[in-house]
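> A predicted structure for the sequence below; I have some questions about it.
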Amino acid sequence: MINVSDLEFNKNEDTNKLLVSKLNRELDKVHLGGGEKKIAKHKSKGKLTARERIAFLLDKNKKQIEIGAFVGNGMYEEYGGCPSGGVVIVIGYIKGVQCIVVANDATVKAGAWFPITAKKNLRAQEISIENDLPIVYLVDSAGVFLPLQDEVFPDKEHFGRIFRNNAVMSSKGIIQIAAIMGSCVAGGAYLPIMSDEALIVDKTGSIFLAGSYLVKAAVGEDVDNESLGGASTHCEVSGVTDYKCADDNDCLTRIKNIIDKIGGNPKAGYNRKKSNEPNFSIDEVFGILPATREKPYDVRDLISRLVDNSDFEEYKELYGKSIVTGLARIDGWSVGIVANQRILVKNKKGEMQFGGVIYSDSADKAARFIMNCNQKKIPLVFFQDVTGFMVGSRSEHGGIIKDGAKMVNAMSNSVVPKFTIIIGNSFGAGNYAMCGKAYDPTLIACWPSAQIAVMGGAQAAKVLLQIEVATLKAKGQTITPKKEKELLDTMTARYNTQMSPYYAASRLWVDAIIDPRDTRTWISMGIEMANNKPQEKPYNVGVIQT
């Protein structure tokens, strides 16, 4: 039983709530996009901002989740930064239909595409493709950011992949609707026109392969942008666009009307019953999760504050205790939970095992549980707080690599939706086995308490220090204890920065940093999204060493 009056509980609570307060402050900053002056200039043209457009489009009083709010955070500072990657992506509901909306933020470098912008847009399309989710593009972009064109233009995962995806999505019957609400130039012009339907806003929307200045330079023709590619041109002359809209509100209202008429799809059939709140307050999560990542806690205490009725049917409770597995419901949806256990536990021989480490028996248990969930069509939820697999001669002799590979194989080949929530450490191969970004989770998010790296900061800094000292000595330099400490402090600080959840979120290693209280919403909306697409292939794990 958790004592909410306990001093340690209160210290934990204060620390974790401060982390959430920081999260909200940082979100307030990125929500300003290019800043108040750029927003005022944008709105002086009669246009809504990207976030205002999304708010108008989505159903009021219905839940929504944002993908990649912190993308670009701390990056491209030499160019003035790129808040949210210059594009806002939200999963929500339009006339009751779950959709993903992608809106260029023209207050950030006129909506130009940085390398991270392309990665974020591709993530939106990936979510749409994997879940047959209708996608709406609100286009207002000056095209590729030219100083970084070599990092955004020619490669497989660059700008051109967007249009390839447009074509593939269309062939799969995935609904794509595009609204040209500002600039849409050069190669970017293909995106809306490769969508099912294209709308354009009169006077503010324009679409062409080359603007008036380039046309003058290339072919010597004098023409203004409106005559070249405005709403009247493309709705009345070229027939490129399908709907001419008076203003932003008219355009967004028409999108609502179009979405309102679409038919439904066959469902995957994931089990859902009436939703019930947990028996314990979700706020108690803040007091349970330790203020420092090294201290132990029982992950079952977190689970009981996240699942319906706090009802958790644990699988193999007495075996492989460094991973907790079991069945539950989240917002009515049936889920299989795989969670790292941070308390010291006894193995089947009565020996104590470190918390947060994956042992052979735990990996074996998790693999079997994952296979069972696939057999039963139960979505998987991974709660990560892992320092890696157990090392040492005893573990190696016991076949830790074989058992770890078994878990990775079972998880990698899963055909049910997978959701990953990083609540604490996410280190090394533990990140992989517990469905890190490389293993295609349907959605992946982290709490503000998360740390993501190949190993812990202290260990990594010491390894890096040894390498640096050896290199300097090889060059004939003398390393004093003071100099060695300065090097260690510098490396520790740099490594700790790279472990931060904000560093991970800026590079889209995770879809979002979320308030722990929003965890149920993320998982529930994610399963609803995945339920939109029937399972296409049987579960097959291939060759597994036993």
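Ah, there it is. Numbering: from 1, shown residues only.

> Spatially central, which residue of the protein would that be?
Geometric centre of the chain, nearest residue: D511, 1.1 Å, by CA atoms, centre = their mean.

> and the gap between it and E396?
D511 sits 35 Å away from E396, going by CB to CB, to the nearest Å. Where you see a C-beta, it was placed from the backbone N, CA and C, and this is true even at glycine.

> Grab the nearest non-local neighbour of the residue nearest to the centre of the chain.
The shortest distance from D511 to any non-neighbouring residue, by CB to CB, 6 or more residues apart in numbering, is to I67 (5.0 Å).

> so the one you found makes contact with G92?
No: the pair I67 and G92 does not pass the contact test of CB atoms under 8 Å, sitting 11.0 Å apart.

> pLDDT of the helix or strand where S426 lies, averaged?
Applying DSSP states H and E as the criterion places S426 in strand 418-427. Taken as a whole, strand 418-427 has a mean pLDDT of 96.

> for that strand, packing partners?
Counting contacts by 3 or more CB pairs under 8 Å, 6 or more residues apart in numbering; DSSP states H and E, strand 418-427 packs against strand 380-386, strand 443-446, strand 451-453, helix 519-530.

> Mean neighbour count, those: which tops it?
Of all the helices and strands packed on strand 418-427, strand 380-386 carries the top mean neighbour count, a mean of 27, counting by mean count of other CB atoms under 10 Å.

> Go ahead and name everything in contact with it.
293, 299, 302-303, 330, 335-340, 342, 356-358, 370, 373, 411, 414, 416-427, 430-431, 433-436, 441, 450, 523 (CB atoms under 8 Å, 6 or more residues apart in numbering).

> and if you look at stretch 431-439?
With CB under 8 Å, 6+ apart as the test, stretch 431-439 has contacts from 338, 340, 358, 363, 366, 380, 382, 384, 386, 389, 404, 407-408, 411-412, 418, 420, 426, 441, 444, 452, 509-510.

> what helices or strands is the longest helix seen in the chain leaning on?
In the chain, taking DSSP state H as the definition, the longest helix is helix 7-30. On a contact count with 3+ CB pairs under 8 Å, 6+ apart, helix 7-30 meets helix 285-288.

> Checking the residue nearest to V71 when sequence neighbours are not counted next. Helix, strand or coil?
Leaving aside its chain neighbours, V71 sits nearest to G85 (3.9 Å; criterion: CB to CB, 6+ apart). Classification of G85 by DSSP: H, G, I helix; E, B strand; the rest coil places it in helix.

> got the contact list for G85?
Neighbouring residues of G85 by CB under 8 Å, 6+ apart: 68, 71-72, 114, 116-117, 119-120.

> swap the cut-off to 7 Å and go again
Residues near G85 by CB atoms under 7 Å, 6 or more residues apart in numbering: 68, 71-72, 114, 116-117, 120.

> contacting residues around C446?
C446 neighbours (CB under 7 Å, 6+ apart): 421-422, 501, 504, 510, 513.

> Return the set of buried residues in the strand holding S426.
Neighbour counts over strand 418-427 (16 or more other CB atoms under 10 Å) mark 418-427 as buried.

> Would you state the predicted confidence (pLDDT) at M352?
65.

> V144 is in contact with G111, isn't it?
No: taking contacts as CB atoms under 7 Å, V144 lies outside contact range of G111: 11.0 Å.

> So between those two, which is more surrounded?
It is G111, of V144 and G111, that has more neighbours when counted by other CB atoms under 10 Å, with 27 against 23.

> Look up which helix or strand L214 falls in, please.
Assigned by DSSP H and E, L214 belongs to helix 212-219.

> Quick one: mean pLDDT over that helix.
Rounded mean pLDDT across helix 212-219 is 74.

> Same question for stretch 327-346.
For stretch 327-346, the mean confidence score works out to 93.

> which of the residues in it are buried?
Neighbour-count burial for stretch 327-346, with 16+ other CB under 10 Å as criterion, is recorded at 327-331, 333-343, 345.

> starting at the chain centroid, how far to that stretch?
Relative to the mean C-alpha coordinate of its chain, stretch 327-346 is positioned 21 Å out (CA atoms, centre = their mean, to the nearest Å).

> what do you get for stretch 97-112?
16 Å.

> what ranges of the stretch 251-400 of the chain fall below the confidence cut-off?
345-348, 351-354, 397 (pLDDT under 70).

> Chain neighbours aside, what residue packs nearest to L228?
F208 (5.2 Å).

> Equivalent analysis for K274, please.
Distances taken as CB to CB, 6+ apart put G332 closest to K274, at 5.8 Å, once the chain neighbours are dropped.

> Kindly report the same for Y315.
T325 is the one closest to Y315 (CB to CB, 6+ apart), at 4.5 Å.

> My reading is that the one you found lies in a helix. Confirm?
No: if the criterion is three-state DSSP, then T325 is strand and not within a helix.

> Who does L199 form a beta bridge with?
Beta-bridge pairing for L199 (DSSP bridges): A179, Y243.

> got the contact list for it?
By CB under 7 Å, 6+ apart, the contact list for L199 reads 179-180, 241-243, 245, 251, 254-255.

> Report the buried members of these.
Among the contacts of L199, the ones that count as buried by 16+ other CB under 10 Å are 179-180, 241-243, 245, 251, 254-255.

> out of those, which one sits closest to D6?
For the buried ones among the contacts of L199, the minimum distance to D6 (CB to CB) is 51.8 Å, reached by I255.

> element containing that closest one, please.
According to DSSP H and E, I255 maps onto helix 248-259.

> ok now do C245, which residues does it touch?
Listed by CB under 7 Å, 6+ apart, the contact set of C245 reads 199-202, 251, 254.

> Looking at those, which is nearest N12?
Of the contacts of C245, the one sitting nearest to N12 (CB to CB) turns out to be C251, at 48.1 Å.

> How much space separates the closest one from V201?
Computed as CB to CB, the C251 to V201 distance reads 5 Å.

> Find the residues that touch each one of those two.
181, 245.

> Now the helix or strand that contains K483 - C-alpha only, PDB.
Here K483 sits within helix 481-499, counting by DSSP H and E. What follows is helix 481-499, C-alpha atoms only, in PDB (Å, rounded to 0.1, in the frame of the first residue of the first chain):
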ATOM      1  CA  PRO A 481      44.300  15.300 -12.100                       C
ATOM      2  CA  LYS A 482      42.800  18.800 -12.500                       C
ATOM      3  CA  LYS A 483      42.800  18.500 -16.300                       C
ATOM      4  CA  GLU A 484      41.300  15.000 -16.100                       C
ATOM      5  CA  LYS A 485      38.500  16.200 -13.800                       C
ATOM      6  CA  GLU A 486      37.700  19.100 -16.300                       C
ATOM      7  CA  LEU A 487      37.500  16.600 -19.100                       C
ATOM      8  CA  LEU A 488      35.200  14.300 -17.100                       C
ATOM      9  CA  ASP A 489      32.900  17.200 -16.200                       C
ATOM     10  CA  THR A 490      32.700  18.400 -19.800                       C
ATOM     11  CA  MET A 491      32.000  14.900 -21.100                       C
ATOM     12  CA  THR A 492      29.400  14.200 -18.400                       C
ATOM     13  CA  ALA A 493      27.600  17.400 -19.100                       C
ATOM     14  CA  ARG A 494      27.500  16.800 -22.800                       C
ATOM     15  CA  TYR A 495      26.400  13.200 -22.400                       C
ATOM     16  CA  ASN A 496      23.700  14.100 -19.900                       C
ATOM     17  CA  THR A 497      22.300  16.700 -22.400                       C
ATOM     18  CA  GLN A 498      22.100  13.900 -25.000                       C
ATOM     19  CA  MET A 499      20.200  11.700 -22.600                       C
END
